[in-house]
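Student: Show me how the following folds:
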Amino acid sequence: MSDSATFIPLANLLIIFIPVLVVMGIYGYWALPVRTLCYASGRMVSQLLLVGYVLLFLFRQESPAVATGVLIMMLLVSSWIALRPLKKLRRRLFGKALVAICGGGMPVLALVIFGVVRLDPWYMPRYLIPLAGMIFASAMNCVSLCAERYQAEAGAGKTHPEARSVAYQAALIPLLNSFFAVGLVSIPGMMTGQILSGVSPLLAVRYQMMVMCMLLGASGVAAALYLILIKRDPA
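Tutor: This is a model prediction of the structure:
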């Protein structure tokens, strides 16, 4: 593959928005809230542009204080977003979501940093921030699915053990599906990016194994912690 494939001109990038417009058309035809999809798309573009410039700045900072601050911010934001399906209970459950995502994500992040990739120093932002982002985002999604499903099952009259089992299994479906499908149905984003950048597929496979294990571990523990905490103080 030529080196030109590693650079995407802006005009080429705009082409990929055509499928998004198609989905917006379906939304409109079926009388669904198109504004939500437009807002989500606008936020995605603006947030990614912003984070690109922010990352350029952060990657130049070799400071453990900056790295710690970024991790704290990511934990707070991910915990708040995780409870988006339960807006009325968001403030009440925020502490539980924060403890769950922190308890599931931070030990796994430490294991990756100090045991697997062995960053030196540990706060190298070019590696720490993307790894933390993947872990916290996966834990956030898992807690979000878990919280929503648990609330639905509890509202239907299920006991805590029954609601917990259903919610936990439902929350892990996307990750388990990715385990079954990897290499057969899909080549994950990180592995694809590494291969396109010229990394050996065999090395990319090792990194992808690390990523998938860290995501399942962090997400599974985070969801379990949330369910343990919610039992003590049911909403």
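Student: switch to C-alpha atoms for all contacts and neighbour counts from now on
Tutor: OK.
Student: Could you check how many residues crowd around A222?
Tutor: 28 (other C-alpha atoms under 10 Å).
Student: in the helix or strand it falls within, what counts as buried?
Tutor: If you go by DSSP states H and E, A222 is part of helix 201-232. Neighbour-count burial for helix 201-232 flags 204-205, 207-208, 211-212, 214-227, 229-230 (criterion: 16 or more other C-alpha atoms under 10 Å).
Student: next one: stretch 40-58
Tutor: Neighbour-count burial for stretch 40-58 [16+ other C-alpha under 10 Å]: L58.
Student: For that stretch, list the C-alpha coordinates in CSV.
Tutor: Extracted in CSV, the C-alpha atoms of stretch 40-58 (Å, rounded to 0.1, in the frame of the first residue of the first chain):
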residue,chain,number,x,y,z
ALA,A,40,-25.1,13.7,17.7
SER,A,41,-23.2,14.0,14.4
GLY,A,42,-22.4,17.7,15.0
ARG,A,43,-21.1,16.9,18.5
MET,A,44,-19.0,14.0,17.1
VAL,A,45,-17.3,16.3,14.5
SER,A,46,-16.7,19.2,16.9
GLN,A,47,-15.5,17.0,19.8
LEU,A,48,-13.1,15.1,17.5
LEU,A,49,-11.7,18.3,16.1
LEU,A,50,-11.3,19.7,19.6
VAL,A,51,-9.7,16.5,21.0
GLY,A,52,-7.3,16.5,18.1
TYR,A,53,-5.9,19.9,19.1
VAL,A,54,-6.0,19.0,22.8
LEU,A,55,-4.1,15.8,22.2
LEU,A,56,-1.4,17.7,20.3
PHE,A,57,-1.0,19.8,23.4
LEU,A,58,-1.1,17.0,25.9
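Student: Give me the residues contacting it.
Tutor: V66, P125 (C-alpha atoms under 8 Å, 6 or more residues apart in numbering).
Student: Run through the helices of the protein in chain order.
Tutor: Ranges of helices in the chain, per DSSP state H, are 10-15, 17-29, 34-58, 64-82, 90-110, 125-155, 160-181, 189-196, 201-232.
Student: Can I get the ones you listed in a markdown table including mean pLDDT and distance to L119?
Tutor: Formatted as a markdown table, these follow (pLDDT from 0 to 100; distance: least, C-alpha to C-alpha, whole Å):
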| stretch | mean pLDDT | distance to L119 |
| --- | --- | --- |
| helix 10-15 | 89 | 33 |
| helix 17-29 | 94 | 37 |
| helix 34-58 | 91 | 16 |
| helix 64-82 | 93 | 13 |
| helix 90-110 | 95 | 10 |
| helix 125-155 | 93 | 8 |
| helix 160-181 | 92 | 26 |
| helix 189-196 | 72 | 19 |
| helix 201-232 | 90 | 14 |
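Student: With distance to V116 as extra columns, can I get those helices in CSV?
Tutor: Below are the helices of the chain laid out as CSV (distance: least, C-alpha to C-alpha, whole Å):
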stretch, distance to V116
helix 10-15, 35
helix 17-29, 37
helix 34-58, 23
helix 64-82, 19
helix 90-110, 9
helix 125-155, 12
helix 160-181, 20
helix 189-196, 17
helix 201-232, 8
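Student: Correct me if wrong: L109 contacts G133.
Tutor: No: with contact defined as C-alpha atoms under 8 Å, L109 does not count as touching G133 (9.9 Å).
Student: ok, these two, which is more surrounded?
Tutor: Set side by side, L109 and G133 show more neighbours around L109, with 23 against 18, by other C-alpha under 10 Å.
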